[in-house]
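A.B. asks: structure of the sequence below:
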Amino acid sequence: MRPSFHTALCLSAALSLGLGGVAVAAAAKKPAAPAKPVAGAPAWTVDKANSKIRFKSAFSGMGFEGGFGRWDAQINFDPNNLPASKAVISVELASVASGDADRDETLPSADWFNVARFPRAVFTTTAITAAGPGKYNAAGTLSLRGVTKPIVLPFTLVITGDTARMTGQVVLNRSNFGVGQGQFRTPDTVPYEVTVPVTVVAKRAG
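C.D. replies: Down below sits the predicted model:
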């Protein structure tokens, strides 16, 4: 017996609904497209001859300055892509020099930097944010003498062509890192606060 028009219409509708359900289920099982990766910020090569990491302190009320002769920096920076911008600066503490032979011999010792156990200080950024035209804040962690603490380094930056000049300054509390033991544990002779000015000149790599 030939199916009636009504029966054929019902079968057609049921088949359509069934196929539609399969299509919907297949679409539901289809994995989401992967997120597009964020483009990286360009790398910069530091011009060591024109870059400096310094510090300012005092001894018995007499101010003095010093710096570090050996350090490395890995920098990726794009003012238009701050989420991808980052920096890691590693300083060899044994390279300290302050213009005084006795002081320079003492600073690497166990009471101060203790370079035998902790040869490097490392600053690693966790976020770089804008703070105005040409001004930024580099939030990160400083690892010094086996202690890691969060710090923020405010800095200004001028980019001319493929050359960038960064200047910044942060004030550290040496007691937070255990720098200065024995008779120097208190701020009576050497203050807790140490000012660290940083100047970095770099060229865009590639």
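A.B. asks: just say helix, strand or coil for the residue nearest to residue 135 when sequence neighbours are not counted.
C.D. replies: Ranked by CB to CB, 6 or more residues apart in numbering and with sequence neighbours excluded, the top spatial neighbour of residue 135 is residue 156, at 5.4 Å. C-beta here means a position set from N, CA and C on the backbone, and glycine is covered the same way. Here residue 156 is strand, with the state taken from DSSP: H, G, I helix; E, B strand; the rest coil.
A.B. asks: pull up the gap between residue 156 and residue 65, please.
C.D. replies: Distance, residue 156 to residue 65, by CB to CB, to the nearest Å: 21 Å.
A.B. asks: tell me which of those two has more neighbours.
C.D. replies: residue 156 (15 against 12; other CB atoms under 10 Å).
A.B. asks: next up, identify which helix or strand residue 54 is on.
C.D. replies: Taking DSSP states H and E as the definition, residue 54 sits inside strand 52-59.
A.B. asks: what lines up beside that strand in the sheet?
C.D. replies: Neighbouring strands of strand 52-59 in its sheet, by DSSP bridges, are strand 62-68 (antiparallel), strand 193-204 (antiparallel).
A.B. asks: tell me the pLDDT at residue 146?
C.D. replies: Turning to residue 146, the model gives it a pLDDT of 97.
A.B. asks: wait, residue 81 sits on residue 42?
C.D. replies: No: Residue 81 lies out of contact with residue 42 (CB atoms under 8 Å); the separation is 9.1 Å.
A.B. asks: distance check, residue 176 against residue 54.
C.D. replies: 20 Å.
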